[in-house]
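Colleague: What would the 3D arrangement of this be:
(one chain, ligands or ions: 1)
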Amino acid sequence: MYKTLTTTLNDGILEIAVNRPDKMNALNQDVMKDLGLAVDEIYKRDDVYAAIITGTGPKAFVAGADIAEFLTLSPNQGLELAKRGQVVFRRIEVSPKPIAAAVNGFALGGGCELAMACHIRVASDNAKFGQPEVNLGIIPGYGGTQRLVQLVGKGKALELMMTADMIGAEEARQLGLVNHVTTPAELMDKTRSILQKVHTKAPLAIAKVIRCVNDYFQEDVDGFETEMQEFAKCFSTSDLKEGAAAFIEKRTANFKGE
Ligand code: COA
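Modeller: Below you'll find the model as predicted:
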């Protein structure tokens, strides 16, 4: 179904692997189109409760946008490229279902931006992160200048983007860029286990948490107001009744996402 991705449905988790290992899984226009369609699948399929994005092969998650495609672009085409990329990555960020990045190697440029658009990042200990665009005479275009600041703060974000330095997984964890570091062999299971834990919680509440947290970063929206409204809406859900009843009856809640 996809030209540049492999997808596997694994017990409700859609596992999406960018599949251009000979090009370090670089994001060309085919990959971006396929990623957009894969995000549609996450949103629409009732049998999918969460997703993992990773890269094929042992070396790279995604080593950036496809540099070969940059050579002939005009400013207008550059704008279109950034717009299309930002739309896909924003849909990942605001997905009501959790999406995790399993970072299995180089996450550079657009690869780092893709990981940052996900809700959770787990990295193998051989992963490397960076925004090396200034080496090429460009800047991040898929949200990197904004999301890196959100995750690691202005000072470190500026340093990383101005020096083009690559950092290892452990440093990325210390900076707050990744949530967990594992061995390569444990990477997928660790990522799955986090999503499986989230899946034991009330799905509508999870979607509301994602929405409220994203609204913290929306200039034109008051996140506190969003929180009040979403909190109030919880009281019309059967999940809240079930969750509260299960607590009182000392049993595990059986949430239906209603
Ligand atoms: N776009 C297009 N092709 C890329 C790519 C990218 N972002 N990253 C790697 N590739 C290609 C290489 O051109 C090479 O293709 P070839 O075999 O046809 O020559 C292949 O992937 C393997 O890469 P190579 O550089 O030989 O591997 P390496 O192990 O020596 O180095 C990296 C790995 C990731 C450090 C190096 O490929 C790199 O710096 N890539 C670019 C990173 C970057 O600047 N990303 C931001 C882009 S905006």
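
Colleague: Please save the CA atoms from stretch 104-117 in CSV.
Modeller: Taking C-alpha atoms only, stretch 104-117 is exported to CSV below (Å, rounded to 0.1, in the frame of the first residue of the first chain):
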residue,chain,number,x,y,z
ASN,A,104,16.8,3.6,16.3
GLY,A,105,19.8,5.6,14.9
PHE,A,106,20.4,9.0,13.2
ALA,A,107,17.5,11.5,13.8
LEU,A,108,18.8,14.5,12.0
GLY,A,109,17.1,17.5,10.5
GLY,A,110,13.6,16.4,9.5
GLY,A,111,14.2,13.2,11.4
CYS,A,112,14.7,15.0,14.6
GLU,A,113,11.7,17.2,13.7
LEU,A,114,9.6,14.1,13.1
ALA,A,115,10.6,12.6,16.4
MET,A,116,9.8,15.9,18.2
ALA,A,117,6.3,16.0,16.7
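
Colleague: Give me the mean pLDDT for that stretch.
Modeller: Averaged over stretch 104-117, pLDDT sits at 98.

Colleague: So which elements touch the helix or strand that contains E80?
Modeller: Using DSSP states H and E, E80 sits in helix 75-93. On a contact count with 3 or more Cβ pairs under 8 Å, 6 or more residues apart in numbering; DSSP states H and E, helix 75-93 meets helix 29-44, helix 110-117. All C-beta spots, glycine's among them, are computed from the backbone N, C-alpha and C.

Colleague: could these go into JSON lines alongside mean neighbour count?
Modeller: Below are these laid out as JSON lines (neighbours: other Cβ atoms under 10 Å):
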{"stretch": "helix 29-44", "mean neighbour count": "18"}
{"stretch": "helix 110-117", "mean neighbour count": "29"}
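
Colleague: Out of these, which is closest to Q174?
Modeller: Between Q174 and the helices and strands packed on helix 75-93, the shortest gap by Cβ to Cβ is with helix 110-117, which sits at 16.0 Å.

Colleague: what's the following helix or strand after that closest one?
Modeller: Trace forward from helix 110-117 with DSSP H and E and the next one is strand 120-124.

Colleague: Make sure L108 is actually in contact with A65.
Modeller: No - at 9.6 Å, L108 and A65 do not qualify as touching, with contact defined as Cβ atoms under 8 Å.

Colleague: And these two? Which one has more around it.
Modeller: A65 (29 against 25; other Cβ atoms under 10 Å).

Colleague: Show me which residues of the stretch 51-200 of the chain sit near the ligand.
Modeller: Selection of the stretch 51-200 of the chain residues close to the ligand by Cβ under 6 Å from any ligand atom yields 63-68, 106, 108-109, 132-133, 135-136.

Colleague: Out of these, which comes closest to T191?
Modeller: Nearest to T191 among these, with distances taken as Cβ to Cβ, is F106, at 17.5 Å.

Colleague: So A17: helix, strand or coil?
Modeller: strand (DSSP: H, G, I helix; E, B strand; the rest coil).

Colleague: So what pairs up with it in the strands?
Modeller: T6, T54 (DSSP bridges).

Colleague: Pull the contacting residues for it.
Modeller: 5-7, 53-56 (Cβ atoms under 8 Å, 6 or more residues apart in numbering).

Colleague: Could you do Q29 as well?
Modeller: Contacts of Q29 by Cβ under 8 Å, 6+ apart are 66, 69, 81.

Colleague: Just the buried ones among those residues, please.
Modeller: The neighbour-count criterion (16 or more other Cβ atoms under 10 Å) marks 66, 81 among the contacts of Q29 as buried.
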